[in-house]
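Enquirer: With the input below, show me the fold.
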Amino acid sequence: MAQPVDDSHRQVVPRWWTMPVAASLGQLDAATVSRQPGSPGPAAGELEELRRDWEENRSPIYAANLIDAALAYGLASVAEDAAAWVVANGGVSEVSIKLAKQLLSPTMIDQAAVTSEPTHQQRWRAVAGHRAALRRYPRDPLLWVELAREYSALGQIEPARRALVVAVSLAPDDRYVLRCASRFYLHARDPEHAHQILLRSSATLTDPWLMAAEIATADARGARSKLMKVGARAVESGRFAPRSISELAGAIGTVEFKSGNRKQTKRLFARALEDPTENTLAQAGWVSRHGPSLGYADSAPRVPRAFEANAWQAMAADDFVGAVEYSVDWLRDEPFASRPALLGSWIAAVALEDYETALRLVESAAVANPGDIRLTVQSLYCLASMGRVDEAAAQLPLLETAAASGDSTFTPPAWDVLLAADRGLLAFRNGNVEEGRAAYAGAIELAAANRLREAGASALINYIREEARIGEGPPVGAQEVRDVIGAFPQSHRGAILRFLGRFLPAV
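Expert: Numbering: from 1, shown residues only. Just a heads-up that it's a prediction; the model follows:
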C-alpha cells in the first residue's frame, strides 16, 4: 500500500541548515531587542579585542574570528572591512568565505542549495573538500558541522557523529553547533543524547533558540522539560525579538496542546506567529490539522523557505502538483529526513499517479535513511504500480523479514494488513486475479478485526483500483466507498477523492 507520512507527532525540533542559510534567516542574530544586563552578548571587551587583533595583524585567521563573532552577536558593521578582505583575498575555509559574503549581503541565500539537489558523487566530493579544509583549519567547528551534514545526507551516521563530537568540543556553547548536533542525534534515533547535549550547555538557560530546542527535544523523547517556566517567562519578558522567541513559544504551545490546554495553546502560538520561522509555521499547521485552527496561513507568503508548511497547505487546497514541488524543496533543505520524501511521494502516487516522481523521492531519502522501512513499503508500491513487478516483488521479503523480527514501525496487526495488501497488489499485477482478490479481502478483514480503519481503507481503495484496471466494477457498494473516504485524515481526503475519481467517476 502507498505509505503516507506519519503526521501524528511533531515538535519544533531544530532545523539543520547550512551555516550561510541559517545566517540568512536571522538564526545567528543576537536574540535580544536591546542589550540588557544578563542578556546573551559578547563578554566585556571581546569584540574590541577581536577588532584590535584584526587591525594589527590583517591575516585570514583574525579576520575569520572577527566575522564569526560579529554574526553571532548581530553586529555586522564591526566586521565589514574584515569580510570584504576575506572575500577578496581568501586564505580561510570555504565556510568562512561564505560567512563573509553573508555578512556583506544579509539577504543572500545559497541559491545552489535551493535550485538543485547535490548528487551522490557531489556530496562525496564535498566531504573530500571539507576534510581537506580541516587539515588546514582543524579547530574550525563550523567546518566539522558542515562535514557532519554531508555525511548525514549520505547515510554515514558514525562519521557524522564523530565530526559533531569534535564540533561540540570546540564550541560547547555555540547556538548553531548545538542545534545542529541535537538535530543530528534525533535523526540518529538517539533522542536522549539530543536532549542531553543541550542540557549540558549553560547557554541553554539564557538563549531562547536553545531553550526552544531543549523543550522540543525533551518532548520528542517523551519527557517534560524543566525549562517550561523559564521559557514562558522569556516569551513574556519583552527582552527578546519576536523572531527569537517564535520557536520557543511554539515549542511550549505544542506541549500545552498535547496536555489539552487549548487556551494556552492559542495564546502562545499568537506570540509565535508574530514573526515566525518556517519551523514555527509548520508547527502551527500541524496543530491546526489536529486541533484548533491557528490562522497561520496568512503568514506563509512572507516566511522564507516555508516548504513544509506550504506543502501541507497546497495539499489541503487540492494543489497536488504544488504540494509535490514544495515537498521536493523541503527534502533539498533537509536531505537527511524521510518525512518530506514520504509526503511528496504519497501525494505524487495517490493524487497524481506520477509513480516515477514518487519513486525518485523515496530513493533519494533512502540514501540517508537506509533503515527506514517505510521507504521500502513505498518503493514496492511505486514499482508495482509502474509495472516493474519483479523489482517490486524483490522488496516483499525485506518487509516480511522486518515484520518477523518485530520492527516497531508498525504494530503486528498493521504489518499483517500491509503484507496481505501488498501480496494482493503483486498478484493482480502478475495476472493472478483470484489470488489478488483473496489477499485484498484478507487484508480488509484483518484491518476490521483489529480496528485499523485507515489501513483497511487503504487496502480497499487499492483493491478498487486493481479491479478497475481489469475492467471490473468495485467490490463494494457506493455507500461503503463514501464511508471509506472518512477513514482518512481530513488533510488526506482530497488526494483520496482524486484517486478514487479515476476509477469511480460518480465519487
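
Enquirer: Pretty sure A181 sits against A167.
Expert: Yes - between A181 and A167 there is a contact under C-beta atoms under 8 Å: 6.7 Å. C-beta: built from backbone N, CA, C; applies to glycine.

Enquirer: Now do the shared contacts for those two.
Expert: V145 (C-beta atoms under 8 Å, 6 or more residues apart in numbering).

Enquirer: which residues does Y151 contact?
Expert: Shown in contact with Y151 (C-beta under 8 Å, 6+ apart): 127, 157, 159-160, 163.

Enquirer: so which of those residues comes closest to D190?
Expert: The shortest gap between D190 and any of the contacts of Y151 belongs to I157, at 9.6 Å (C-beta to C-beta).

Enquirer: who's in contact with E363?
Expert: S379.

Enquirer: In three-state terms, how would it be classified?
Expert: Secondary structure, DSSP: H, G, I helix; E, B strand; the rest coil: E363 is helix.

Enquirer: next one: F488
Expert: With three-state DSSP as the basis, F488 sits in coil.

Enquirer: where's it relative to I496, distance?
Expert: From F488 across to I496, the span is 5 Å (C-beta to C-beta, to the nearest Å).

Enquirer: likewise E363?
Expert: Note on E363: its distance to I496, by C-beta to C-beta, is 25 Å.

Enquirer: Which members of the contacts of Y151 are positioned in helices?
Expert: Judged by DSSP state H, helices contain the following of the contacts of Y151: 127, 157, 159-160, 163.

Enquirer: Next, format the residues you listed as CSV and append pLDDT, neighbour count and distance to R262.
Expert: CSV is the format used below for the ones in helices among the contacts of Y151 (pLDDT from 0 to 100; neighbours: other C-beta atoms under 10 Å; distance: C-beta to C-beta, whole Å):
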residue, pLDDT, neighbour count, distance to R262
V127, 93, 19, 47
I157, 97, 20, 39
P159, 97, 16, 45
A160, 98, 25, 39
A163, 98, 28, 42
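
Enquirer: closest to A309 among the residues you listed?
Expert: Among the ones in helices among the contacts of Y151, and counting by C-beta to C-beta, the member closest to A309 is A160, at 27.2 Å.

Enquirer: Just give the closest residue to the closest one, not the sequence neighbours.
Expert: Y151 (3.8 Å; C-beta to C-beta, 6 or more residues apart in numbering).

Enquirer: per-residue pLDDT, the one you found?
Expert: Here the pLDDT value assigned to Y151 is 97.

Enquirer: Would you mark the buried spots in the host helix or strand of P413?
Expert: Element membership for P413, per DSSP states H and E: helix 412-429. Buried residues in helix 412-429, defined by neighbour count with 16 or more other C-beta atoms under 10 Å: 414-429.

Enquirer: Check the contacts of Y151 and tell me the two furthest apart.
Expert: The span of the contacts of Y151, defined through C-beta to C-beta, is set by V127 and I157 at 13.9 Å.

Enquirer: about what we covered before: quick check: next helix or strand after the helix holding P413?
Expert: helix 433-449.

Enquirer: export that next one as PDB, just CAs?
Expert: Provided in PDB are the C-alpha atoms of helix 433-449 (Å, rounded to 0.1, in the frame of the first residue of the first chain):
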ATOM      1  CA  VAL A 433      -6.700 -12.200 -10.200                       C
ATOM      2  CA  GLU A 434      -8.300 -14.600  -7.800                       C
ATOM      3  CA  GLU A 435      -5.200 -14.800  -5.600                       C
ATOM      4  CA  GLY A 436      -5.200 -11.000  -5.600                       C
ATOM      5  CA  ARG A 437      -8.800 -10.800  -4.600                       C
ATOM      6  CA  ALA A 438      -8.300 -13.200  -1.700                       C
ATOM      7  CA  ALA A 439      -5.300 -11.300  -0.400                       C
ATOM      8  CA  TYR A 440      -7.000  -7.900  -0.500                       C
ATOM      9  CA  ALA A 441     -10.200  -9.400   1.100                       C
ATOM     10  CA  GLY A 442      -8.000 -10.900   3.800                       C
ATOM     11  CA  ALA A 443      -6.200  -7.500   4.400                       C
ATOM     12  CA  ILE A 444      -9.600  -5.800   4.800                       C
ATOM     13  CA  GLU A 445     -10.900  -8.400   7.200                       C
ATOM     14  CA  LEU A 446      -7.700  -8.200   9.300                       C
ATOM     15  CA  ALA A 447      -8.000  -4.400   9.500                       C
ATOM     16  CA  ALA A 448     -11.600  -4.600  10.600                       C
ATOM     17  CA  ALA A 449     -10.900  -7.200  13.200                       C
END
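
Enquirer: what's the next helix or strand after that helix packed up against?
Expert: Moving toward the C-terminus from helix 433-449, the next helix or strand (DSSP H and E) is helix 453-469. Under the contact definition 3 or more C-beta pairs under 8 Å, 6 or more residues apart in numbering; DSSP states H and E, helix 453-469 sits against helix 412-429, helix 433-449, helix 478-485, helix 493-501.
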